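Participant: Return a 3D structure for these sequence lines:
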Amino acid sequence: MEIINKNDKALLEEYEDFAKNSRYGNFMQSLRWPKVKDTWGWDAVISRDGDGKIQGTCLVIIKKIPIFGCTFLYAPHGPVCDWSNKEIMQDLFEGIKVLAKKYKSYQFMWDPCFEEQDRELSEMIVSMGFTHIYDAPELSTIQARNNYMLRNIEGRTPDEVMATFKSDWRNRIRKASRKGVVCRACGKEALDDFYPMMQATGIRDGFSIRSKEYFAKMLDGLGEEHCRLFMCYLKDEESGKEIPVSGAVTTQYAGKTCYVYGASSNQHRNTYPNYLMQWTMINWAIENNNFIYDFQGIPFYKDETHPNYGVYKFKKGFNGEVVTYAGEFFYVFMPLRKKLVDLCERIVMKMHARKTKKLIENRNKEFNTEK
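Facilitator: Got it, this is the predicted structure:
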């Protein structure tokens with residue numbers, strides 16, 4: 001293994017070329033990702049084979065823990081390698097141990113994208129000294145474990161892919177266009193249209209949202225090749241102006257297109273903009289010969305009475321499949337500090353939850369008053 005030299009431009013390019021062309025890659029394992037998570041530090045580990053060729057990489061973002069004088073290391077959806085190859089996994093982990101000592105880390109975590117049913121892989125990582133919670137409950141992990149995906153798009157034409165959708169979904173995609181909805185990839189200037197819808201969606205569905213600046217950092221940091229803001233507009237018949245009706249921040253990296261953040265207006269929902277928007281993004285995946293279109297999280301999808309079930313019902317109409325990841329694997333370097341940090345984080349999370357709930361309640365009151 002080797003620790004990356006951040007000043008070696010050729011090495012950085014070699015690393016990125018491997019990560020973005022590996023089927024095990026993920027946009028959060030790109031060296032571009034630290035530009036988005038710029039409040040965290042970062043470092044990376046490389047594993048090479050006997051011929052000196054890269055066989056695995058692991059980007060690690062580093063969070064400083066105030067007061068306790070330590071850090072938390074996290075490899076989001078890492079590492080990038082054949083996860084069943086224990087030799088490569090151990091080699092990369094040896095590099096992680098070096099970083100843990102360098103940055104005084106109390107804990108390291110990674111969450112590679114293999115499925116929960118692959119118990120042998122989970123057990124192999126646990127045998128390396130990691131702790132793992134099998135069947136972790138919803139919303140207890142940083143990244144969603146339950147996701148909805150199209151894994152049948154590689155090598156297919158748009159017509160072949162659309163033919164697999166439910167008939168109502170195909171009709172709604174076509175109706176959106178007939179009703180005057182247009183969808184296109186936009187630049188940062190469209191965040192002024194996107195963000196108010198993001199705020200409205202957060203209020204409507206009861207979740208806290210990222211800042212407008214965060215979305216700008218995603219677009220800038222990942223670049224147009226890997227991240228786009230898709231916007232749907234409807235032309236107002238009286239003024240002739242375009243009205244934003246839905247939008248999404250979507251990534252494309254390592255053969256996967258991921259619908260990361262989505263928002264929609266409370267008005268004009270009968271024009272079906274979300275259907276056309278998804279179809280436009282699926283076409284982006286097809287055009288670049290991706291093998292996965294990832295609708296991302298579907299929390300509580302098994303519970304038809306849960307408020308989030310509608311998210312699953314919408315995504316299900318595109319006739320993909322539920323993919324449940326194994327989840328998070330932890331390695332503790334400082335057990336006592338972990339207990340103290342975990343206790344403080346639980347207190348902070350409870351305070352944040354109460355604050356978020358109050359904020360949403362106040363916004364709902366304001367919204368209802370305006371109506």
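
Participant: hang on, Gln252 packs against Asn290?
Facilitator: Yes - under the criterion of CB atoms under 8 Å, Gln252 makes contact with Asn290 at 6.8 Å. No exception for glycine: its C-beta is placed from N, CA and C like everyone else's.

Participant: Show me where this structure has its strands.
Facilitator: Per DSSP state E, the chain carries strands over the ranges 2-3, 41-48, 54-65, 70-75, 105-110, 131-132, 146-150, 181-186, 227-235, 242-253, 256-264, 292-297, 321-324, 329-332.

Participant: show me where pLDDT drops low in the stretch 51-200 of the chain?
Facilitator: Along the stretch 51-200 of the chain, the model assigns pLDDT under 70 to no residue.

Participant: quick one: the helices in it?
Facilitator: Ranges of helices within the stretch 51-200 of the chain are 86-102, 119-126, 158-162, 167-178, 191-205, based on DSSP state H, counting those that start in this stretch.

Participant: and the residue nearest to Ile298 when sequence neighbours are not counted, what pLDDT?
Facilitator: Nearest residue to Ile298, sequence neighbours excluded (CB to CB, 6 or more residues apart in numbering): Tyr312, at 4.3 Å. pLDDT for Tyr312: 95.

Participant: neighbours around Tyr312, how many?
Facilitator: Taking other CB atoms under 10 Å as the criterion, the count of residues near Tyr312 is 21.

Participant: From Pro66, how far off is it?
Facilitator: Relative to Pro66, Tyr312 is positioned 38 Å away (CB to CB, to the nearest Å).

Participant: buried stuff in stretch 302-310?
Facilitator: Neighbour counts using 16 or more other CB atoms under 10 Å place Asn308, Tyr309 of stretch 302-310 among the buried residues.

Participant: Grab the CA positions of that stretch and hand them over as PDB.
Facilitator: Only the C-alpha atoms of stretch 302-310 are listed here, as PDB (Å, rounded to 0.1, in the frame of the first residue of the first chain):
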ATOM      1  CA  LYS A 302     -42.100  -2.100   3.300                       C
ATOM      2  CA  ASP A 303     -44.600  -0.100   5.300                       C
ATOM      3  CA  GLU A 304     -47.500   1.000   3.200                       C
ATOM      4  CA  THR A 305     -48.800   3.200   6.000                       C
ATOM      5  CA  HIS A 306     -45.600   5.200   6.400                       C
ATOM      6  CA  PRO A 307     -45.500   8.800   4.900                       C
ATOM      7  CA  ASN A 308     -42.400   7.800   2.900                       C
ATOM      8  CA  TYR A 309     -44.100   4.900   1.100                       C
ATOM      9  CA  GLY A 310     -45.200   7.300  -1.700                       C
END
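
Participant: Not counting its own residues, what contacts that stretch?
Facilitator: Stretch 302-310 has contacts (CB atoms under 8 Å, 6 or more residues apart in numbering) with Asp205, Gly206, Ile298, Pro299, Phe300, Tyr301.

Participant: Buried only: go through these for me.
Facilitator: Buried members of the contacts of stretch 302-310, scored by 16+ other CB under 10 Å, are Ile298, Pro299, Phe300, Tyr301.

Participant: can you pull the contacts of the first one?
Facilitator: Shown here is Ile298, whose contacts under the criterion CB under 8 Å, 6+ apart are Ala144, Asn146, Asn147, Tyr148, Asn308, Val311, Tyr312, Lys315, Val322.

Participant: Quick one: the strands of the chain as a markdown table, columns for mean neighbour count and distance to Arg32 too.
Facilitator: Listed next are the strands of the chain as a markdown table, based on neighbours: other CB atoms under 10 Å; distance: least, CB to CB, whole Å:
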| stretch | mean neighbour count | distance to Arg32 |
| --- | --- | --- |
| strand 2-3 | 14 | 19 |
| strand 41-48 | 21 | 11 |
| strand 54-65 | 22 | 10 |
| strand 70-75 | 22 | 15 |
| strand 105-110 | 23 | 19 |
| strand 131-132 | 14 | 29 |
| strand 146-150 | 22 | 22 |
| strand 181-186 | 18 | 18 |
| strand 227-235 | 22 | 9 |
| strand 242-253 | 23 | 9 |
| strand 256-264 | 22 | 14 |
| strand 292-297 | 22 | 18 |
| strand 321-324 | 15 | 25 |
| strand 329-332 | 18 | 24 |
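
Participant: so which of those gets nearest Met197?
Facilitator: Evaluated over the strands of the chain, closeness to Met197 peaks at strand 256-264, with 4.0 Å, by CB to CB.

Participant: Once you drop chain neighbours, what's closest to Gln90?
Facilitator: Met128 (6.4 Å).

Participant: can I assume that neighbour is in contact with Ile88?
Facilitator: No - counting by CB under 8 Å, Met128 stays clear of Ile88, with 11.9 Å between them.
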